[in-house]
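1. generate coordinates for the sequence data below:
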Amino acid sequence: MAVQSSTYGWGAANATFYTWGAAKAIDGIRYAPGEASSCSVTSHQLNPWWRLDLLDSYSISSVTVTNRGDCCLDQTTGVEIRIGNSLENNGNNNPRCGVTSSVPVGSSVSFSCGGMEGRYVNMYIPNIQHLTLCEVEVYGTV
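-> From the prediction side, this is the model:
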C-alpha cells in the first residue's frame, strides 16, 4: 500500500477532475504518454514524501525510480530513498539508501541498498516543491 504527503489535482473545463495519487507509482506502468498520466504527484509543498508499506520487513537489495516522460526533471532531483521500520516523521527518519542526483526525463535510475532491512520504503525531498514518481520498484527478500 502506498501513501503520500498530499495529492496534486486539478479540474478541467469539462468538469473532469484529475488526481495523481500514491498508488500510481506502483501500478506497473513505467512510461505512459501525456502529462504524468500514470504517476504520483504531491502538491507543491515543504518536504513532500511518498511511502510504500511492504506489510512486513524485507531485506531490500535495490530500488528503481522512474521519472515522468514529458517534463519536470526537478521533481525527481534530490529524492532521498529511505528504508526502515519506523514511522517517525512519516518514515523520513529511516536510514538512507541513496539520493537521486537527477533522473532524466523518461528514464529510470536504480540504487543498490545492500540488504537494508525495512517494512517502509520512503521517497522524500527536503525542499519546497512537487514530488513526482512514475514508478517505484523495490527488490528484496524476506
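
2. find the least confident helix or strand in the protein, judged by mean pLDDT.
-> strand 17-19 (a mean of 66; mean pLDDT, DSSP states H and E).

3. got the buried residues for stretch 96-111?
-> Residues of stretch 96-111 classed as buried by neighbour count (16 or more other Cβ atoms under 10 Å): R96, C97, G98, T100, V103, S108, V109, F111. Using the backbone N, CA and C atoms, a C-beta is placed for each residue, glycine as well.

4. list the beta-bridge partners for T64.
-> S110, E137 (DSSP bridges).

5. check N122 too.
-> Note on N122: beta-bridge partners R51, R82, judged by DSSP bridges.

6. low pLDDT regions in the chain?
-> Across the chain, the ranges flagged by pLDDT under 70 are 10-18, 32-36.

7. ok, the nearest residue to P126 once chain neighbours are set aside - how many residues close by?
-> Nearest residue to P126 in three dimensions, chain neighbours excluded: N47, at 5.8 Å (Cβ to Cβ, 6 or more residues apart in numbering). Residues contacting N47 under the criterion other Cβ atoms under 10 Å number 16.

8. show me what contacts N47?
-> S5, N92, Y124, I125, P126, N127 (Cβ atoms under 8 Å, 6 or more residues apart in numbering).

9. which among the residues you listed count as buried?
-> Here, 16+ other Cβ under 10 Å leaves S5, N92, Y124, I125 buried among the contacts of N47.

10. nearest to G69, of these?
-> Set against G69, the nearest of the buried ones among the contacts of N47 by Cβ to Cβ is I125 (19.7 Å).
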